[in-house]
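Asks: Here is my input, please return the structure:
(one chain, ligands or ions: 2)
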Amino acid sequence: MDDFTAKEIWQKVKLELRNHIPDSTYYLWVEKLEPVSYENGVFKLVTVLALAPQIIKQNHKKHFDEAFKKVLGHDVVFNIEFDEDLSKKYQEEMKKELKKSKLYTSPEEQNSAKVMKNLSHMQSTANLDLKYKFENFVVGENNRRAYGTAKIVAQTPSVQFNPLFIYGAPGLGKTHIMQAIGHYIIFNKPELRVKYVKTVDYVNEYMSKFSLSNDNRFKNVTPEINKFRQKYRNIDVLLIDDIQFIESKNKTIDEVFHTFDYLLNKNKQIVITSDRQPKDIMLPERLTSRFVKGVVVEITPPEYAVRLQILKNLAQQKGLNVDDSVFEYIADNFYTNVRELEGAFNNVAVFAEIDNADITLDFAQSVLKCEIKQRLLTIDVIADKIAEFFELTVDDFKSPARAQKVSKARQIAVFIIKEITGESYENIAKFFNKKHTTMIYSCDTIEEEMKTNSELRKTIEYLRKILKED
Ligand code: ADP
Ligand code: MG
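Replies: Ligands and ions are numbered 1, 2, ... in the order given. Prediction:
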């Protein structure tokens, strides 16, 4: 049977599926799959619908497995991938077709086209990335509460936990879990309008509306601004990522405040993420008090088992055969940030492909040696090096001294320590004998000054370099 072409097999499998899957689903998700290949027991299909792989695996895997087995006489692994190029062409064709052939399509087909249009419209306006789902989020002690509350919010939006505020250091899965909420709602409650936005995009979009309206700046509500406002109010679920970005953006702070009030009064769900807890974001009380009205949950760095599982999933996704010792080595050495953990594995995988090498422990070590060395840079090591550079001592940093020279050097040290170690403001503050709000202020000040002060930029680049090279 394996001698049949993929196309011939697929024709037969489709006939089987046709008998077991309801019409509406069949026409919408299955009919439009295209067979690509059947090799080494793996049957590959592509789809023009971004949501199809997930929907089919979730709801119809059993039907597919059975249909393949019936046709081929044995188990088959089937793989469905979304093909973006094909999708664009298909959408264009479909528009033309729909225009001229409404008369000839069956009611099921017309209906499925409508549902598809709705879903794809919803997905594009929701602004989500299909990578981020609950199913591929590894749960551990570090994120159990965030995962639990997010799941409840996704299942019953606006009932409990409103707003849901998730905070934690960069690279720990905040965006992933927030978008997972969005996907869950789109799939399971398609009548709800979901919108995901990065705060930086929100701020830029809002400010650009003002630059369009030259006169009466900030006084009158122009049609542009009104449109913007409606876009973020005419929804049921607002997912707003990295809210700390509105610090010091006074105009936007007002807008966000009124939008939150509007949505919460209408009992709409809001989910917020941030790299720190509400009280550490420099914002007016009236806004931070809204943040904590629902529930505030923290994500902390993942424990070993979670790190290991994330790496194993990644290797499986890429279809790579990797020795356990490689996973253990990477999980041992990259423990503060999942993005870096994944990045380390991806680096090893890419170099293995370029060098045409097996992914062994030796190979992984040779790729990651330098990066791992950098991770030995702790707060005290960095503080010491920076103090030396400015001809000061770490005790000067720890003292209450406010002399310009000491305080600027201290701010730079805090900024670089935060950047390299990713330590919490609390821990950095403890080291320097200062308040954690002073640490936040230091980082924000340096970041801001670097935009305009090229001397400062050069100094910081130089410090980064010597720290990494030593
Ligand atoms: P953050 O928004 O907190 O900076 P992201 O959500 O962007 O972090 O996560 C960074 C990367 O790590 C993403 O690729 C994400 O899928 C992955 N990731 C983080 N936590 C987990 C987890 N628990 N399980 C699976 N992947 C995770
Ligand atoms: Mg994020």
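Asks: can we go C-alpha only for contacts and neighbour counts from here?
Replies: Fine.
Asks: those strands in the stretch 301-450 of the chain, which residues are they?
Replies: Here the stretch 301-450 of the chain has no strands by DSSP state E, counting those that start in this stretch.
Asks: and it, which residues reach ligand 1?
Replies: Residues of the stretch 301-450 of the chain lying close to ligand 1 by CA under 6 Å from any ligand atom are 310, 338, 339.
Asks: The first one: neighbour count?
Replies: Other residues near residue 310 number 22, with proximity taken as other CA atoms under 10 Å.
Asks: what sits against the closest residue to it other than its chain neighbours?
Replies: Leaving aside its sequence neighbours, residue 310 sits nearest to residue 138 (CA to CA, 6 or more residues apart in numbering; 6.6 Å). Going by CA atoms under 8 Å, 6 or more residues apart in numbering, residue 138 touches 306, 309, 310.
Asks: With pLDDT added, can I get those residues in TSV?
Replies: Shown next, in TSV, are these (pLDDT from 0 to 100):
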residue	pLDDT
306	96
309	97
310	97
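Asks: Return the member of the residues you listed nearest to ligand 1.
Replies: Closest approach between the contacts of residue 138 and ligand 1, by CA to the nearest ligand atom: residue 310, at 5.4 Å.
Asks: Give me the distance between the closest one and residue 205.
Replies: As judged by CA to CA, to the nearest Å, residue 310 and residue 205 stand 35 Å apart.
Asks: Ok, residue 422 next?
Replies: In terms of CA to CA, residue 422 sits 29 Å off from residue 205.
Asks: Between these two, which is the more surrounded one?
Replies: Neighbour count, other CA under 10 Å: between residue 422 and residue 205, residue 422 has more, with 16 against 13.
Asks: can you pull the pLDDT of that one?
Replies: pLDDT, residue 422: 78.
Asks: Could you do residue 452 as well?
Replies: 92.
Asks: didn't residue 323 look like it was pressed against residue 363?
Replies: No - here residue 323 does not reach residue 363: they are 11.1 Å apart, not a contact under CA atoms under 8 Å.
Asks: the more surrounded of these two?
Replies: Of the pair residue 323 and residue 363, residue 363 is the one with more neighbours under other CA under 10 Å, namely 16 against 12.
Asks: And the more buried one, how far from residue 325?
Replies: From residue 363 over to residue 325 (counting by CA to CA), the distance is 11 Å.
Asks: Work out for me the element residue 45 sits within.
Replies: strand 42-47 (DSSP states H and E).
Asks: Direction included, what does that strand pair up with?
Replies: Its sheet considered, strand 42-47 pairs with strand 34-39 (antiparallel), strand 77-82 (parallel) by DSSP bridges.
Asks: Let me see the mean pLDDT of that strand.
Replies: Averaging pLDDT residue by residue across strand 42-47 gives 89.
Asks: Check what contacts it and list those residues.
Replies: 6, 32-38, 53, 76-83, 86-87.
Asks: which secondary structure elements does the next helix or strand after that strand contact?
Replies: Using DSSP H and E, the helix or strand that directly follows strand 42-47 along the chain is helix 52-72. If you count contacts as 3 or more CA pairs under 8 Å, 6 or more residues apart in numbering; DSSP states H and E, helix 52-72 packs onto helix 6-20, strand 77-82.
Asks: Export these as JSON lines, with columns for mean pLDDT.
Replies: Shown next, in JSON lines, are those (pLDDT from 0 to 100):
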{"stretch": "helix 6-20", "mean pLDDT": "90"}
{"stretch": "strand 77-82", "mean pLDDT": "90"}
